[in-house]
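Undergrad: Coordinates only, no sequence provided:
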């Protein structure tokens, strides 16, 4: 972990998650609150497209820097898939949460006076248990999509990974907006999660189960426990760049004759 933290690439990746989540939440909730006729079906399609297209765009833009997680549930899924270290996962989640808070603050500052919400998720005609099940399944399909699409053992993926992930997010919103507002993302649902814990429990559990389902049943990995522990502690080899962070000290030397 120490070697990973000493690299510029590591901190660029954390910054990319912060910026990416800020842009993701800003575009998503702006679409959600930008129309007073929020009860019409076309509004659901608009919001689903906004979140899906934002995901595809930002994953394509930032994926080479941080992996383009933009979701704590995805980060946890990749952690338990032995693709990132525990330290990277923790700092990614912190950056994602801060980005979501920043975006919500920006929207709150610029939104029209007639708007009385920030697109907060809420249960609509379903119980907390039903909402948990919906959020669990929607997040499950998303994280399975992310893990399967980015699986470097596959040779059959010839299309766009970011587009597939964006479509998965859009699909989840189309299916879940009417019932839970479609969280699928603990950072995006940070505010409502304080009151309705379903928006944390469903996505987080869905992400973890997706990782185990894909890596243990659908396409098992052959590495042993020691390799998994190594990734958990230190990250993968391509994440630990030999790019140490150094302090550049400028020393001005004056001589008496000078």
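TA: Arrived safely. Note that the structure is a prediction, hence the values are computed from the model and not measured.

Undergrad: which intervals of this protein have sub-threshold pLDDT?
TA: Applying pLDDT under 70 to the chain flags residues 1-2, 35-41, 112-118, 191-200, 222-223, 237-258.

Undergrad: wait, what's in contact with the residue positioned nearest the centre of the chain?
TA: In the chain, the residue lying closest to the centroid (CA atoms, centre = their mean) is residue 71, at 1.7 Å. Residue 71 makes contacts with 96, 142, 184-188, 203, 207, as judged by CB atoms under 8 Å, 6 or more residues apart in numbering. Using the backbone N, CA and C atoms, a C-beta is placed for each residue, glycine as well.

Undergrad: In CSV, list the residues you listed along with neighbour count.
TA: Formatted as CSV, the contacts of residue 71 follow (neighbours: other CB atoms under 10 Å):
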residue, neighbour count
96, 29
142, 26
184, 31
185, 30
186, 26
187, 28
188, 30
203, 31
207, 30
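
Undergrad: With secondary structure and distance to residue 231 added, can I get those in JSON lines?
TA: Formatted as JSON lines, those follow (DSSP: H, G, I helix; E, B strand; the rest coil; distance: CB to CB, whole Å):
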{"residue": "96", "secondary structure": "helix", "distance to residue 231": "20"}
{"residue": "142", "secondary structure": "helix", "distance to residue 231": "22"}
{"residue": "184", "secondary structure": "coil", "distance to residue 231": "25"}
{"residue": "185", "secondary structure": "coil", "distance to residue 231": "24"}
{"residue": "186", "secondary structure": "coil", "distance to residue 231": "23"}
{"residue": "187", "secondary structure": "coil", "distance to residue 231": "23"}
{"residue": "188", "secondary structure": "coil", "distance to residue 231": "27"}
{"residue": "203", "secondary structure": "helix", "distance to residue 231": "23"}
{"residue": "207", "secondary structure": "helix", "distance to residue 231": "17"}
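
Undergrad: Of those, just say which sits nearest to residue 226.
TA: residue 207 (24.4 Å; CB to CB).

Undergrad: Could you double-check that that closest one sits in contact with residue 81?
TA: No. Here residue 207 does not reach residue 81: they are 10.0 Å apart, not a contact under CB atoms under 8 Å.

Undergrad: Farthest pair within the contacts of residue 71?
TA: 96 and 142 (14.7 Å).

Undergrad: what's the distance between residue 233 and residue 209?
TA: Separation of residue 233 from residue 209 (CB to CB, to the nearest Å): 23 Å.

Undergrad: neighbour-wise, which of the two wins?
TA: residue 209 (18 against 12; other CB atoms under 10 Å).

Undergrad: tell me which element that one is part of?
TA: Per DSSP states H and E: residue 209 is located in helix 198-212.

Undergrad: Would you mind identifying the next helix or strand past that helix?
TA: helix 225-234.

Undergrad: residues of that following helix that come out buried?
TA: Neighbour counts using 16 or more other CB atoms under 10 Å place 230-232, 234 of helix 225-234 among the buried residues.

Undergrad: ok, now stretch 146-160?
TA: 146-151.

Undergrad: measure that stretch end to end?
TA: End-to-end distance for stretch 146-160: 12 Å, by CA to CA, to the nearest Å.
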